[in-house]
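J.: sequence plus the predicted model coming up.
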Amino acid sequence: MELVVAVYDLTRSFPAEERYGLVNQMRRAAVSIPSNIAEGNARESSKEYLKHLSIGQGSLAELQTQLEIALRLGFVEGVVAQQCLDTSVSVARQLFALRNAIARKVEESR
């Protein structure tokens, strides 16, 4: 959730012509991460949870790429982009650990 707020804050300063371009893509990718985690957690199957965690990881990779694009296009300062990227790396580590724990649970139940 912190990453979503950071992305919304970050994209507020983007050029107006990017509102329906990169801003929209970045915000959608950011929102998709916790949304997929929540949806997967609400499912009654560990396999479904793993699937949604994987989708969340894909959205996170998209967001990281979009942050790099925004930096290269000069829409954001390096320090600000790095803070957001650092948060995304932290989220990636947490997702990885959670996926591994759920995957072990699935393997043990076989």
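T.: Arrived safely.
J.: who touches stretch 100-110?
T.: 46-47, 49-50, 53 (CB atoms under 8 Å, 6 or more residues apart in numbering). C-beta coordinates here come from the backbone N, C-alpha and C atoms, glycine included.
J.: please repeat the previous calculation with a cut-off of 6 Å.
T.: 46, 49-50 (CB atoms under 6 Å, 6 or more residues apart in numbering).
J.: distance from the chain centre to stretch 43-57, please.
T.: 15 Å (CA atoms, centre = their mean, to the nearest Å).
J.: give the closest residue to Tyr8 in space, chain neighbours not counted.
T.: Spatial nearest neighbour of Tyr8, chain neighbours left out: Arg27 (6.3 Å); criterion: CB to CB, 6 or more residues apart in numbering.
J.: give the contact list for the most centrally placed residue in the chain.
T.: Nearest to the mean C-alpha position of the chain, by CA atoms, centre = their mean, lies Leu60 at 3.0 Å. By CB under 6 Å, 6+ apart, the contact list for Leu60 reads 33, 92.
J.: tell me which residues in the host helix or strand of it are buried?
T.: Element membership for Leu60 (DSSP states H and E) is helix 46-72. Neighbour-count burial for helix 46-72, counted by 16 or more other CB atoms under 10 Å, picks out 46, 49-50, 52-53, 55-57, 59-60, 62-64, 66-67, 70-71.
J.: and for stretch 19-33?
T.: So, applying 16+ other CB under 10 Å, buried residues of stretch 19-33: 22-23, 25-27, 29-33.
J.: pick out the least confidently modelled helix or strand of this structure, by mean pLDDT.
T.: Least confident helix or strand, the chain: helix 78-108 with a mean of 92, by mean pLDDT, DSSP states H and E.
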